[in-house]
Structure formats: C-alpha cells, structure tokens
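# Following is a predicted model, sequence given first.
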Amino acid sequence: MLAAPDGGLSLTIAQIVERLKGSGLHAQLERQARLSLHNPEIKLQSLKEDIKEFLKTSGWEKKLQNAVYREISMVDSDIASSWTVKSRFIKSRFPLPCPPSVPPEHMKESLAYMRKAQGNWEKRILKSLNSMCTELGIPLSQKRSPNEQKELLNKWNEMGTDEPDLSHFRPVYAPKDFLEVLMNLRNPNYDTSEQSNFRNHLGLIQVPLNVKDIPELKEYFSELDLNIGQMDIDDSAHVPPELFENEHVRIGQKVLMEQDSAAAQQYVRQGCPNSLRAELWALILNISSQPEDILYYEQLKSNVIQHDLLVDSLIYKDVKLTASNDDYYFVFEDYLYQVLLCFSRDTSVLEHFVYNSATPPKSYIRGKLGMEQYAVFYPPNGVIPFHGFSMYVAPLCFLYNEPSKLYQIFREIYVRYFFRLHSISSHSSGIVSLCLLFESLLQTHLPQLFYHLREIGAQPLRISFKWMVRAFSGYLATDQLLLLWDRILGYNSLEILAVLAAAVFAFRAGNLMEVTSLAAAEAVLADLSTLKVMPLLQIFLFATGS
Amino acid sequence: MALEPVPCTIKNPVALQVGDMKTELGRPGVLVIDVSFPHSQTTDLQAISFKNYYTAFLTLRVQRRSSADDGNGSPSKWITCLRNYCLMPNPHTEEGSQNYFSISRHQMLCDVDRVAAMRFILRQPSPVWLHFTIEELQLFSLCQKSPQKGFPAWLSHPSPQEQPASLHDGLPDADRVSSELQQMWVLTEMLQASQPVARIGRFDMDDSYDLNLLSYT
C-alpha cells in the first residue's frame, strides 16, 4: 500500500531516527562517543569506524537496538499497514513521495463510525464527571494548602490508612456500562434489511471486523503447541519437569546477559521462570531505571502533593472497592495509590493518544473559560480511571518493589496494551475485536453451548466481558495471571485474552449445558482462581477436534 | 522532485447493473468513475491517492496518446494499468474499508506517460455493504515547469525606468545579504529540527491548575 519502492522502509527508518533524536539515549550515545576520544585505541584516521566499534563493544549498540525495537513494536500493528503512521512523522521534514496529509484522526482509528462512537462515549463520561462535580460542589482540581501538602507528604507511604468519606463518589463507569455501548455499535453502511437477517451475528457484537479463526490462531500462537515445552506444565509422567525448567531458566539467563529485547520477547512466549520475570519484562519493555527516571518519578510525586484532583478520589474509591478486597492484592494498597496518583499527573502518557482512538478531556483554568491558551487536559495524563482500573497495576506489585520501577513498567504496559481494553477501535487487540473473537470462537467451537446460553438469555459475552476488560486481573490466581501476561508481551497482542475466555467456557461446557439462567451460568463461572491457564489454552487451540 | 496534484475532472460514479436499476433487488457490484483532463491535455502520471470507502478491488485503465498523433488522430486504445488491486483483503469485513491508499507508477502494469483519460473500475463482490466508492481522489505528476517555481520576469527584474535608483546607494550587495540570510535560515531550521522531543512534564498554566468543569468541545 506504500508508494515508496522499498515498501515504506525508508519512511519507517526516517520516522524512528526522528523519534530517537530527542531521546535521552541520543544524548548518552553522543556523550559516550565524545568520551571515547580520550581512548588511545581511537585513531583519528579511522575515527568513524573506531567509534562504531567502541559503541559496539561497550554495549551501547545493544541499547540502541532495543530502543529501535521498541519503536518498531509500537508501530508494527494494524495501522502500520496503511502509510498513515509513517507520513505523520516525516511530513514536516521531507518532501513526501506519497501525497496528501492523512488526517491525524485517521491514525487514531480508521473507521469513521468507530471514532464517532468513541466520541459519544467520552461525552457521556465527561457529563457524568461534571455532574458529580456539581452535585458534590467540588472542583476538578485545586491547589493544596501548605499544611495539606505537608500532611500528604508525611503519609505518602501509608495512604491506605486514610479513610476519607467517599460514599458520595461513584465510579464513572463500570465494564458493563461499556459493554452496552459496544453492543449498540453499528456500521451505517452495513446492510441490516429484512432479507439479509441471516447475516446478522448471533452474538452481542454486530460490527463486521476481521478476526482470526482457529487455524490462523494455531499458526499465530504456534509456540504454545502441545509439543513445545511451557513453564508450569508437566508434559509427561515419566519425564521430570525439572528437565525443561532448568534448561529454560538457563536460556533465560543467557537472554538477560545478551540484553536483547527481541530475544526476550521470543523467550517469554514459553513463559517466564518466576525468578527472571521482572528483569525479562523490563527488557522487553525497554525499561531501565536510570537516575533521571527516578527523578522524573519524584517530580510526579511532588505534582501529586501540590494539586488535589477529583480523580484522586475516584482512584481511592477504586482501590478500596477492588484491590483492597482481593486476597492477593490487598497488601499492595499503598503502592497502588502511589503509582496511580503519579500516573494521573504524567503528561508523557498524553503521547499515546496519537494512536489511541480516545481523546483526552479538556478544561480551562478557572476564570479563563474559552481562552484557548488556557486550555489544559484533565487529568494531566488524559486518562479517566474506571471501576477496576487499579487491577492493571496490582499484579505488577508482585514483580517490582521499587515504586519508580513499578511505575515505569505499568506506564509502558498501559500505553502499549491496556488502553486498548477500554477504547472503541477496530484494532485487532482492541476490545471490540476481542469480544468478536471470543464470540466467534465459541460459536464455531461449541455451537451447541453458544445456542443454549443464548436461548436462556445468558449471552456468553455478558459473563466474559469483565474478564477481558481487566485482562483477567483479579480473576485468575496471580501465578497464572503472570503466565498469561507473559504471552501478551511475547506476542505483542491482547488476542490471547479472548482465546482464554473461550477456553474457560469450553472447560466448563458440561456444567453450563445444565444451567437455565444467566445467574446460574454466572455462578458456574464465578471462581476462576483454580484454573490453570496454559493447559486450558493448549487444549482449546491444539487438542480439540477441528 | 516534488509531486504536484494534476487538475482534472472527476465524473460521478456510474453503477453497472444487470436489469432495471429501479426494480432490481440486488445492488450493483461494479462502479465506474471516469477522469478527464481539461483542454485535452495529457499527463505523465506519477501517483494516485484516494481514501477508500468499502471498495474491495480497483482496476485502472488509461488512454494514452502516442507521440505520433498529436490530438486530432483517432482515439487511442484503452490499456489496463492496474488489475483488481486489492483494497480490502476480506471483502466482507472492515479491514482496509476506509484506509488511505497511494499507488505510484512503478506499481502499475504499464507505462503511464501521456495519459489522456482514465477510468477507475471499482468492485465490491460482497453484498453486505450498502454503498461503496472512493473519495478524495487525487492524481499526481512531477512538477517540472510548475508556474509557481519561478516568478515572472517582470516581478524579479523591474524594468530600468521603474527602478528607484536612489534606494540602492550605500546598501550592501543584495546577493550577499540574501546568501547570508539563507545561511541563517538554514541554521534556525536546523535548530528547530533538533529540538528535543522530551517534554518537561508541566501541566499547570501560569502556576495554576485550578479547574472547575470539563469542556465538551
């Protein structure tokens, strides 16, 4: 689809160079190169080659490689297939071989009706937030008094002990409100006349997106096949499991030694050993805790101390309602406040709205209503938390105990993956595609079960939607959840969530065929904490009939 | 070598339909859009670009004028320069349905110089879509003798009698000034280009982030 003869490669390169130029890595490389001039091995005659060699042997080349790999995996998704992405970055600098400017909203989401639906949904959220402000008579944001600032600073590490009265606050929305919106999503150009009723989908999602079928999934997730070793699976009775695990740990250490993001990503497809997971994920996400990152986190913290936001109360309420009630996660309550409050103040999160179909809410500084130069985003990161948001952070607390590192990892995972779980888009990892993938898998795999549940008014998606929106956090046992998230990072895709949701239904199919109501079906699937993720996925994908 | 849009006339799409348009239940699966150039000019085509709207395949035919007959000969033959170019990998689903496309001359099956007329043939075999077409169609050629490039002579070289002679006394040489200015311009451009992308991360304005309500617009 690209105009350039090399399939747009040169454009991608130009774009990545542009992105890296402003980064800290660029400055560091430059500094290292300059310092290396004092090195006696660097000769003036072969300056360029010598410096290149120096950067290679001193490990800086690897760092550059990983940074490039990060950029590639951020664009290497659906949108990269149209040349939208590339043209945006280079438009200003190079005479374009391909013509006109593609509007930025097309890059957020290519389908106009999806953009519209997302816009309407956002409007609803804004209204709800505004009416909460008016009802409670509190502003969206105000500066804390010096005394309040001091008080908050003192209890920064034990914010959970605070019990403010939050009974008037209600979560802005919960997953089931969002599902209603997705169910009503329609393509205005899709024929829904009487004669073509046979074409209507039997499930709740009615948009004609392309989703993978079982053969395509088998190929896509080929590393999960039955004959390939996985962490947490005892393959056969007479081979001791340590045989694979020890070897896998050894390879994992080697990957870490190499400091290669791409290798780490391939490696985690078979699951991480618990001891190596924290480092491997950081490597895949290209997070290295530099002093300036810690400084950045401290700055966010001081921003939290200075300003009192309404979303803080929403975060408080959410943590109290979800993580604090969870057997696994309640101990991390204080960490969750710290990370989520800092997250809300982080303006670097705004960058992800270039490829997210959502748009950050806007407000005006008090007294400057309507004056464009006083328009600001609210909250500063542009993300309004919904009921269950804190569950995206909670499992990570098991891996990282340094708050600034925990924070960086969460932010990166959010802007790469999790924002897609609550934005309306046609992306293959977007929640709409996941819902459709789940429904179509269940229909083709277990048509009788699907039909039965539909007949008794228990549409399967009504049960599985909340699992997927939360990426199963809070539903699975933690060790199992981390094995699942290994695959999200490994495949750079959220599709595994829909496959697992379908696999859970398949696993409980016998019981589900007996139920006669939605409540009963929900009861059958209420407790997922005893399930083993990998065997379920393997059986569903590779060991069932078709 | 920059590209510039070619002025052209794009006719309304014509649907090809078996039977009577009004009574036939099925929708047409083929649409034809003709493009012509003003004043029977010809164009050396470099690229075309458009925004898709639910067209699955695109065929492009062009009528080229051979150098032998200049204008008034018999109309030349139509040749196909793009055959069923796939815009939607699966015609029944959304992928590619509203994407922007740009197709350049080396992706075409034949030479597209001296094009006198073009015909876009759009196909949509899937019956699930109510309409299909292409939008924002633009044709591009190389701008070689573009009129904007050079100023007309009367603008850059005022005739001697109009020249206000007195002004030039004691002024530095215009060529030198302009070359120095150019250098400065390049420097500022470079400075602008090398601005760090890293944000400072402030979200308050004039030391205030006091907000009451969200804005709907």
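Perfect, thanks for sending it. Numbering: from 1, shown residues only, chains lettered A, B, ... in the order given.
# So which elements touch the one helix or strand residue A:450 maps to?
Taking DSSP states H and E as the definition, one finds residue A:450 inside helix A:447-455. Helices and strands touching helix A:447-455, by 3 or more Cβ pairs under 8 Å, 6 or more residues apart in numbering or on different chains; DSSP states H and E, are helix A:431-445, helix A:460-469, helix A:509-512. Heads up, the C-betas are built off the backbone N, CA and C, glycines and all.
# quick one: contacts of that helix?
Here helix A:447-455 makes contact (Cβ atoms under 8 Å, 6 or more residues apart in numbering or on different chains) with A:202-203, A:439, A:442-443, A:459-460, A:505-506, A:509, A:512-513, A:521.
# What is the least confident helix or strand in chain B?
Ranked by mean pLDDT, DSSP states H and E, the weakest helix or strand in chain B is helix B:153-156, scoring a mean of 55.
# before we move on, the earlier item: any chance of the contacts of helix A:447-455 in JSON lines with pLDDT, neighbour count and distance to chain B as columns?
Formatted as JSON lines, the contacts of helix A:447-455 follow (pLDDT from 0 to 100; neighbours: other Cβ atoms under 10 Å in any protein chain shown; distance: Cβ to the nearest Cβ, whole Å):
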{"residue": "A:202", "pLDDT": "83", "neighbour count": "13", "distance to chain B": "16"}
{"residue": "A:203", "pLDDT": "87", "neighbour count": "19", "distance to chain B": "15"}
{"residue": "A:439", "pLDDT": "96", "neighbour count": "24", "distance to chain B": "14"}
{"residue": "A:442", "pLDDT": "95", "neighbour count": "25", "distance to chain B": "18"}
{"residue": "A:443", "pLDDT": "93", "neighbour count": "18", "distance to chain B": "16"}
{"residue": "A:459", "pLDDT": "94", "neighbour count": "20", "distance to chain B": "22"}
{"residue": "A:460", "pLDDT": "96", "neighbour count": "25", "distance to chain B": "21"}
{"residue": "A:505", "pLDDT": "97", "neighbour count": "25", "distance to chain B": "24"}
{"residue": "A:506", "pLDDT": "95", "neighbour count": "19", "distance to chain B": "25"}
{"residue": "A:509", "pLDDT": "95", "neighbour count": "15", "distance to chain B": "28"}
{"residue": "A:512", "pLDDT": "96", "neighbour count": "22", "distance to chain B": "29"}
{"residue": "A:513", "pLDDT": "96", "neighbour count": "12", "distance to chain B": "31"}
{"residue": "A:521", "pLDDT": "95", "neighbour count": "25", "distance to chain B": "29"}
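# residues contacting residue A:164?
Residue A:164 touches A:313, A:316, counting by Cβ under 8 Å, 6+ apart.
# How is it classified with respect to secondary structure?
coil (DSSP: H, G, I helix; E, B strand; the rest coil).
# Roughly how far does it sit from chain B?
20 Å (Cβ to the nearest Cβ, to the nearest Å).
# So which residues of chain B form strands?
B:3-5, B:9-10, B:14-16, B:30-36, B:45-53, B:57-64, B:78-86, B:100-104, B:115-123, B:133-142, B:211-215 (DSSP state E).
# and residue 193, what pLDDT?
Just going to use chain A. Residue A:193 carries a pLDDT score of 71 in this model.
# Hmm, no, I was thinking of chain B.
Reported pLDDT for residue B:193: 66.
# ditto for residue A:545
61.
# again, but for residue A:364
In this model, residue A:364 is scored at 91, pLDDT.
# check contacts around it.
If you count contacts by Cβ under 8 Å, 6+ apart, residue A:364 has them with A:370-371, A:374-376, B:211, B:215.
# how about a markdown table for the contacts of helix A:447-455, with distance to residue A:256 added?
Listed next are those as a markdown table, based on distance: Cβ to Cβ, whole Å:
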| residue | distance to residue A:256 |
| --- | --- |
| A:202 | 47 |
| A:203 | 43 |
| A:439 | 40 |
| A:442 | 39 |
| A:443 | 42 |
| A:459 | 45 |
| A:460 | 40 |
| A:505 | 37 |
| A:506 | 36 |
| A:509 | 41 |
| A:512 | 43 |
| A:513 | 47 |
| A:521 | 44 |
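# follow-up on the earlier one: which ones among the contacts of residue A:364 map onto strands?
Counting by DSSP E, the contacts of residue A:364 place A:375-376, B:211, B:215 in strands.
# got those residues as CSV, with distance to residue B:2, neighbour count and pLDDT columns?
Below are these laid out as CSV (distance: Cβ to Cβ, whole Å; neighbours: other Cβ atoms under 10 Å in any protein chain shown; pLDDT from 0 to 100):
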residue, distance to residue B:2, neighbour count, pLDDT
A:375, 36, 17, 89
A:376, 39, 22, 91
B:211, 45, 23, 89
B:215, 40, 16, 86
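# Around chain B, which positions in the stretch 351-500 of chain A sit nearby?
Contacts of the stretch 351-500 of chain A with chain B, taken as Cβ under 8 Å from any Cβ of the partner chain, map to A:361-366, A:373-378, A:380, A:426.
# Show me which pair in those is furthest apart.
Farthest apart among these by Cβ to Cβ are A:366 and A:426. That separation is 38.6 Å.
# neighbour-wise, which of those two wins?
Applying other Cβ atoms under 10 Å in any protein chain shown to residue A:366 and residue A:426 shows that residue A:426 carries more neighbours, namely 24 against 17.
# burial count for the nearest residue to the more buried one once chain neighbours are set aside?
Distance criterion Cβ to Cβ, 6 or more residues apart in numbering or on different chains; nearest residue to residue A:426, sequence neighbours excluded, is residue A:111 at 5.1 Å. Residue A:111: 21 surrounding residues under other Cβ under 10 Å.
# again, but for residue A:508
By other Cβ under 10 Å, 17 other residues sit near residue A:508.
# how far away is it from residue A:327?
In this structure, residue A:508 and residue A:327 are 22 Å apart, going by Cβ to Cβ, to the nearest Å.
# For residue A:388, give me the backbone phi and psi.
phi 110, psi 0 (degrees, to the nearest 10).
# Tell me who's in contact with it.
Applying Cβ under 8 Å, 6+ apart, the residues contacting residue A:388 are A:174-175, A:318, A:322, A:466, A:469-470, A:474.
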